[in-house]
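Trainee: Dropping a prediction and its sequence here:
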Amino acid sequence: MSRISNQQSEVNRNYEAFMKQLPELMPTHGGKFALMRDGEIVEFFDTARDAFVAGQALFKPDHCFSIQEVIQGPIDLGFYSHAVL
């Protein structure tokens, strides 16, 4: 599988897992950013940048992770929706 395919699979798996957990996350983590890998939330951060920096440090050498904002509705970020690749 190519690197892009691996990353897209990771993003899809993380997004599905995140959406299932979202109702329980809102009361305690609303407005935070969830760093995710392998369908699991690794940690919550106050900013997307902090989550990204942590993901880069934690997941060397493949940097295969995604970041989700804990909010009720989707935000359209265009090409980069649902993930930081």
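Mentor: Alright, I've got the coordinates.
Trainee: just the strands in this structure please.
Mentor: For the chain, the strands defined by DSSP state E occupy 33-37, 40-45, 66-69.
Trainee: packing partners for the shortest one?
Mentor: Spelled out, it's strand 66-69. helix 3-29, strand 33-37, helix 48-58 (3 or more CB pairs under 8 Å, 6 or more residues apart in numbering; DSSP states H and E). All C-beta atoms are positioned from the backbone trio N, CA, C, and that covers glycine.
Trainee: Identify the residues contacting Phe33.
Mentor: By CB atoms under 8 Å, 6 or more residues apart in numbering, the contact list for Phe33 reads Phe44, Phe45, Asp46, Thr47, Ala48, Asp50, Ala51, Ile67, Gln68, Glu69, Val70.
Trainee: Any of those buried? List them.
Mentor: Phe44, Phe45, Asp50, Ala51, Ile67, Gln68, Glu69, Val70 (16 or more other CB atoms under 10 Å).
Trainee: Present the strands of the chain as a markdown table; the columns should include mean pLDDT and distance to Gly55.
Mentor: Converted to a markdown table, the strands of the chain look like this (pLDDT from 0 to 100; distance: least, CB to CB, whole Å):
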| stretch | mean pLDDT | distance to Gly55 |
| --- | --- | --- |
| strand 33-37 | 97 | 5 |
| strand 40-45 | 98 | 8 |
| strand 66-69 | 95 | 7 |
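Trainee: So which of the ones you listed is nearest Ala57?
Mentor: strand 33-37 (10.5 Å; CB to CB).
Trainee: any chance of the strands of the chain in JSON lines, with distance to Ser5 too?
Mentor: Output for those, formatted as JSON lines (distance: least, CB to CB, whole Å):
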{"stretch": "strand 33-37", "distance to Ser5": "17"}
{"stretch": "strand 40-45", "distance to Ser5": "20"}
{"stretch": "strand 66-69", "distance to Ser5": "15"}
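Trainee: Out of those, which gets nearest to Val11?
Mentor: Of the strands of the chain, nearest to Val11 by CB to CB is strand 66-69, at 4.9 Å.
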